[in-house]
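> this one's structure only:
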């Protein structure tokens, strides 16, 4: 029995056969579970987990409660900001009334709003000095206060300045047409800049019959839904309509504009000017500088006295002091009860005491902490010198000065004049040096001169052909003269500017030629190509070939400022501005003392133009290279050439400058555009003061009749002086003889030395072939080239050359006033022009 038990224990288990079924494992995403990770780690914690902040894991209900709390806090923040505007703690609700049609009267709207039946109490009849149709309104029923002003659309710059700072806009429409062409132009500018909260108002609909009233309202809504798809149209013919409009203005949602919500700004309501004494400040009596005292309500962010302030259209200035006078538009919520005569006298005495209360000084500028007005970096001309002359070099220079050169000069020539007479050898060397130091502007001038010569030759040829045709027609046809027709033509020609017509035709031909033959340049016959294009270089690949951004920088780059990381600096400054809790708080009525202000600012304010003050963020008064991303406005079809003077509206600033255009790509090199493209976004590069985005941008071009056309709109892209913009030129040649992969090319160069100079540059053709120059044939510019495939006889051989270009330093903060815009009746399309 014992032996049998031992045999049973030694018996082996069952082994599965080959055909045993094997089920697949569960597909769990090829990753380990949390339990497996815990079993493998056995309590060990990684270094990264130890260094990070320990986050407490929340349950599902806790996470839900936390999300609800965050949502509630954001909602309360929005409601608090909305209720603050126009209340006791915030600034008055600033409303601008704008007429979009020549046949409507904005004064009638303000008259209805200030009527007694509207429910408001007019506290100040002329709330803003210089603007007669402005008043302060208090609504005890809604516990709100408003400031209304009627802004004329005649001056587009003043309209844009008011729209930058207004809380709401009231657009007055015509009952039949809505707005005219100039009103549509104003709306285009306002939408591009950033439109605040707005309301549409119309008069005259209520007086129509019932059937016509519905039809007129429906037709007007169809017109307005193109620009304002969700806007509500308010009729304003009775006092009840005015009450509804005021209630809507106080409760409507406020649209947030990023460029003004991050900066403290103020609209001047009262201003005084005190000239400087000869011993005070930097200005004296003869210079016309003085201290400008401006009163108004702080909006946006708290105002700091040590920051630089910018006056739109006038420049940057420093604050010396901030005062806190009595609020001229107090919100009295409680209505006064009828009191006894004795108590009434006490109240009057109390009011007199308040009126005579002394002005409280809030803060004064600290010279050690106040930001300066330095806009350009200090240029040291000896900064680039790496060595200093030794004593031996100084002695050699002294001996060379003593050893005067003996020359034959005309009789009566002085020593100073004799130094300018050079020998032939020196003259040749000097010519080479001058040509080697040729800058970008000279190259552009030579390009323009070559294009102008070609155009003149074409014009002469076409002119002679036209004269011959006219002579033949005169021989064939009889002369028929109509007195009426001649008089009409003469009257029509009186209003035409021939110089402007010729200039416009020239621009259209240049733009059309650039569109048909992009960047193609003719090789000059009288100048060697290696000298004419010595600043250009070839690139193996425009995308991947290197280009040092710090190579051969112009002298103007020593005057500008550059950030190590513009995006990091922008985030830090905007975060500091958002957390700022010092200075004059939002809603306070303050008086700013601005030092060293010219008297022209006071004259502009007295003439009725609005004065808008904005506190600049750190570094925003310094110059750098700004890049703006814009699109061509569809209302303007005139060619805009690169380096042409334009008027810029960038945030609260406006200035004139000559920019360059380039493509908007993600590469490290960007191709320059000779004209502003109508079908693609374009990057505009210009020397301008630093501004932190987001900010809207408007580009205007001034006509010869002082009217400014809106040509492009967009936003601020970045501030990067190292952005490489390359100008491309294309030299073209014609295949003369073709033998399989090799071909003889002519008309690209006209001497042997130029061919040897540009031999390393790669060639390409319009049909996609690539090759290189193998050797020069003869001395007249023929060259043998080898390509990757056989050429076609109708193909064209091209060579791409590049050089880096920079904007021109033409920044001018003065922008001349613009006349009311008038739509041009005659427009010329570039596609309709025939190339001659």
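Noted; the coordinates are in hand. Please read all numbers here as calculations on a predicted model, not as lab measurements.
> got the end-to-end distance for stretch 553-568?
For stretch 553-568, the first and last residues are 25 Å from each other (C-alpha to C-alpha, to the nearest Å).
> now do the SS call for residue 74.
Put simply, residue 74 is helix when judged by DSSP: H, G, I helix; E, B strand; the rest coil.
> and it, how close does it get to residue 81?
11 Å (C-beta to C-beta, to the nearest Å). Glycine gets a C-beta too; all of them are placed from N, C-alpha and C.
> sec struct for residue 71, please.
helix.
> what about stretch 535-553, how long is it end to end?
Stretch 535-553 has an end-to-end distance of 13 Å (criterion: C-alpha to C-alpha).
> if we can go back for a sec, show me which of residue 74 and residue 81 is the more surrounded one.
Shown here are residue 74 and residue 81; by other C-beta atoms under 10 Å, residue 81 has more neighbours (14 against 10).
> any idea which helix or strand carries that one?
If you go by DSSP states H and E, residue 81 is part of helix 60-84.
> buried ones in that helix, by neighbour count?
Buried positions in helix 60-84, judged by neighbour count with 16 or more other C-beta atoms under 10 Å: residue 82.
> what packs against it?
Helices and strands touching helix 60-84, as assessed by 3 or more C-beta pairs under 8 Å, 6 or more residues apart in numbering; DSSP states H and E, are absent.
> how about low-confidence regions in the stretch 451-600 of the chain?
Residue ranges of the stretch 451-600 of the chain with pLDDT under 70: 451-498, 500-501, 504-509, 513-515.
> tell me which stretches of it form strands.
Per DSSP state E, counting those that start in this stretch, the stretch 451-600 of the chain carries strands over the ranges 520-521, 589-598.
> dump these to a markdown table, plus mean neighbour count.
Listed next are these as a markdown table, based on neighbours: other C-beta atoms under 10 Å:
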| stretch | mean neighbour count |
| --- | --- |
| strand 520-521 | 16 |
| strand 589-598 | 21 |
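> need those in JSON lines (columns: distance to residue 168).
Below are the strands of the stretch 451-600 of the chain laid out as JSON lines (distance: least, C-beta to C-beta, whole Å):
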{"stretch": "strand 520-521", "distance to residue 168": "53"}
{"stretch": "strand 589-598", "distance to residue 168": "20"}
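> looking at these, which is closest to residue 638?
Among those, strand 520-521 comes nearest to residue 638, with 23.0 Å by C-beta to C-beta.
> neighbouring strands - and their directions - for that closest one?
The pairing partners recorded for strand 520-521 under DSSP bridges are strand 724-739 (parallel).
> immediately after the partner strand, which helix or strand?
Next helix or strand after strand 724-739 toward the C-terminus (DSSP H and E): strand 742-746.
> what helices or strands is that next one leaning on?
Contact partners of strand 742-746 among helices and strands, from 3+ C-beta pairs under 8 Å, 6+ apart: strand 724-739, strand 782-787.
> contacts for the last one, please.
If I follow you right, that is strand 782-787. For strand 782-787, the surrounding residues in contact (C-beta atoms under 8 Å, 6 or more residues apart in numbering) are 736, 741-746, 748-749, 755, 763, 765, 769-777, 797.
> please spell out the PyMOL selection for the buried subset of those residues.
In PyMOL, this line selects whichever of these come out buried by 16+ other C-beta under 10 Å:
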select buried, resi 743+744+745+746+748+749+755+763+765+769+771+773+776+777+797
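> most tightly packed of the helices and strands packed on strand 742-746?
Comparing those by mean neighbour count (mean count of other C-beta atoms under 10 Å), strand 782-787 ranks first with a mean of 20.
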